[in-house]
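**Q** here you go, sequence then predicted model.
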Amino acid sequence: MPIQKREKTKYPGVTFIDAQGASGPEKIYYIRYRRQGKVIEEKAGRQYVDDMTPAKAAGIRAKRIDGEEPTNRAKRESKKAARLAAEGKWTLSRLWKEYSSQRPDSVPIKFDGYRFKKYLEPNYGKKEPSEFHQLDVDRLRINLLKIKSPQTVKHVLGLLKRLCNFGVKKQLCQGINFKIEMPRVDNQRTEDLTADQLKSLLDAMNKSPDTEAADFMRMALFTGMRRGELFKLQWTDIDFDRGFIYIRHDPKGGKSQMIPLNEQTRAILENHPKTAANVFARANKEPFTNFINKRVRLIRDAAGLPSDFRPLHGLRHAYASMLASSGEVDMYVLQKLLTHKSPQMTQRYAHLRDETMKKASALAGNIIEEAAKVKDQEEVAATA
């Protein structure tokens, strides 16, 4: 297509051509000037689309001559450079994509995905960790606490922290230069079962037609294992000869653990069908997932337990509470059985052990008092 002839205006260096726009005929204005000895001719704008006039075009020309405004080419190159730089940035969204791709089968990653998309990506997805200010995180925490529980907010901020640390560890980007303040969470809730409740639950398990869900609950009760650990438990993790269960598939705390295989657990496993690599598997041989929650709640309800009793994590608490209150297991052993990373995590059960010690102390006092009464009675009889 031949170049159309430029029509002059009353402004020096400003010309136009007649063109057909979306809403009809309009003028397209051009400017011509010298920059560093080089003649530059470029488009200034369209009459209607850009609301361009000869006077505006002349103003643009003057600024470009004086170097106050970049040329169109410089603008295009700047945008291109910014786009390429953005594509190379390890933003929070890009870090999440890489982070989650390395943990495709992890159960927690599904919950983290929801948290990221809902609470982090909308406002912070395009930021690199080094671009975060403490005020950003403070506002996120404060605003979330208005609508969500402290535990949920802690999960969201924990995910933010892990993503930033992941970027630094993999040498992808710089991290944040401040400490993320976590909300205080009262997570010292422990659940226990009375002797009658425990009997009702065991009866409900025995009567349940859902034998897999019942065995899942029995394992939680007799071993104190976490739900996620039971999801990942494989037959090769069970050493029937030595009498141990190995927790080594993405264990909490990052370090493989082993716990004793007691006789009750051995009996459960020896009678449990072996249909896949995982001990607890669905019909398609895939590992159990959170869909088991609905099935174990049915057994809980059949046992008449309170509706707020968590039928899996609650059984872990019940296991720990029974051991702590027995007075026969010290806190260090209990920590190892529960595979707690630090003794502070086990301290929630210390009060149960204290009560047992109080009862033992009271018993000692009663024994001494009874002995003193017998002695007094003997002295009275001797002087009678």
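**A** Yes, it's here.
**Q** ok, longest strand in the chain?
**A** Taking DSSP state E as the criterion, the chain has its longest strand at strand 24-35.
**Q** in that one, what's buried?
**A** Neighbour-count burial for strand 24-35, with 16 or more other Cβ atoms under 10 Å as criterion, is recorded at E26, K27, I28, Y29, Y30, I31, Y33. Every residue, glycine included, has its C-beta placed from N, CA and C.
**Q** the third one against K43, yeah?
**A** It stands for I28. Yes: look at I28 against K43 with Cβ atoms under 8 Å: they come within range, at 6.7 Å.
**Q** can you tell me what sits against the longest strand of the chain?
**A** With Cβ atoms under 8 Å, 6 or more residues apart in numbering as the test, strand 24-35 has contacts from 6, 9, 13-20, 39-49, 52-54, 56-58, 60-61, 64-65, 67, 71.
**Q** repeat the analysis, applying 7 Å as the threshold.
**A** Strand 24-35 has contacts (Cβ atoms under 7 Å, 6 or more residues apart in numbering) with 6, 13-19, 39-48, 52, 54, 57, 60-61, 64-65, 71.
**Q** in helices, which of those fall?
**A** In helices, judged by DSSP state H, the following of these are found: P54, A57, I60, R61, R64, I65.
**Q** now do the helices in the stretch 101-250 of the chain.
**A** Secondary structure of the stretch 101-250 of the chain (DSSP state H, counting those that start in this stretch): helices at 107-115, 121-124, 134-145, 150-169, 195-207, 211-223, 227-232.
**Q** what's the closest of these to G175?
**A** Evaluated with Cβ to Cβ, these place helix 150-169 nearest to G175, the distance being 4.1 Å.
**Q** can you mark which positions in the closest one are buried?
**A** 150, 152-157, 159-161, 163-164, 166-167.
**Q** on contacts alone, who are the packing partners of it?
**A** Helices and strands touching helix 150-169, by 3 or more Cβ pairs under 7 Å, 6 or more residues apart in numbering; DSSP states H and E, are helix 92-101, helix 107-115, helix 134-145.
**Q** now C173: how far from E128?
**A** Per Cβ to Cβ, to the nearest Å, C173 is found 5 Å from E128.
**Q** check T265 too.
**A** For T265, the distance to E128 - Cβ to Cβ - is 48 Å.
**Q** returning to that earlier point: please state the offset of the longest strand of the chain from the chain centre?
**A** 56 Å (Cα atoms, centre = their mean, to the nearest Å).
**Q** hmm, back to that, pick the most deeply packed of the helices and strands packed on helix 150-169.
**A** Comparing the helices and strands packed on helix 150-169 by mean neighbour count (mean count of other Cβ atoms under 10 Å), helix 92-101 ranks first with a mean of 18.
**Q** residues in contact with that helix: which ones?
**A** Residues contacting helix 92-101 (Cβ under 7 Å, 6+ apart): I109, G113, F116, L120, E121, Y124, G125, K126, K127, L163, F166, G167.
**Q** wait, the fourth one sits on L160?
**A** So the one you mean is L120. Yes: using Cβ atoms under 7 Å as the test, L120 is close enough to L160 to be in contact (6.2 Å).
**Q** per-residue confidence at the most centrally placed residue in the chain?
**A** In the chain, the residue lying closest to the centroid (Cα atoms, centre = their mean) is D112, at 4.0 Å. We note a pLDDT of 90 for D112 in this prediction.
**Q** now do the one 10 residues further on
**A** P122 is assigned 93 on the pLDDT scale.
**Q** distance to T194 added to the buried residues of strand 24-35, as JSON lines?
**A** Shown next, in JSON lines, are the buried residues of strand 24-35 (distance: Cβ to Cβ, whole Å):
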{"residue": "E26", "distance to T194": "85"}
{"residue": "K27", "distance to T194": "89"}
{"residue": "I28", "distance to T194": "86"}
{"residue": "Y29", "distance to T194": "87"}
{"residue": "Y30", "distance to T194": "89"}
{"residue": "I31", "distance to T194": "88"}
{"residue": "Y33", "distance to T194": "90"}
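**Q** pick the one among those closest to R295.
**A** Nearest member of these to R295, counting by Cβ to Cβ, is E26, at 69.2 Å.
**Q** what's the closest non-adjacent residue to that closest one?
**A** Q47 (4.1 Å; Cβ to Cβ, 6 or more residues apart in numbering).
**Q** look up how far R310 lies from the one you found.
**A** From Q47 to R310 the distance is 70 Å (Cβ to Cβ).
**Q** could you do D192 as well?
**A** 12 Å.
**Q** again with K8
**A** 83 Å.
**Q** more neighbours: which of these two?
**A** It is R310, of K8 and R310, that has more neighbours when counted by other Cβ atoms under 10 Å, with 17 against 11.
**Q** about what we covered before: buried subset of the contacts of strand 24-35?
**A** Buried among the contacts of strand 24-35 (16+ other Cβ under 10 Å): 13-16, 40, 44-47, 52, 54, 57, 60-61, 64.
**Q** list the contacts of Q174.
**A** Here Q174 is in contact with P129, S130 (Cβ under 7 Å, 6+ apart).
**Q** can you do 8 Å?
**A** By Cβ under 8 Å, 6+ apart, the residues touching Q174 are E128, P129, S130, G167, V168.
**Q** closest to M182 out of those residues?
**A** Out of those, the member with the shortest distance to M182 (by Cβ to Cβ) is P129, at 17.2 Å.
**Q** how about that closest one: what's its closest non-neighbour residue?
**A** P129's closest residue in space is C164 (Cβ to Cβ, 6+ apart), at 4.0 Å.
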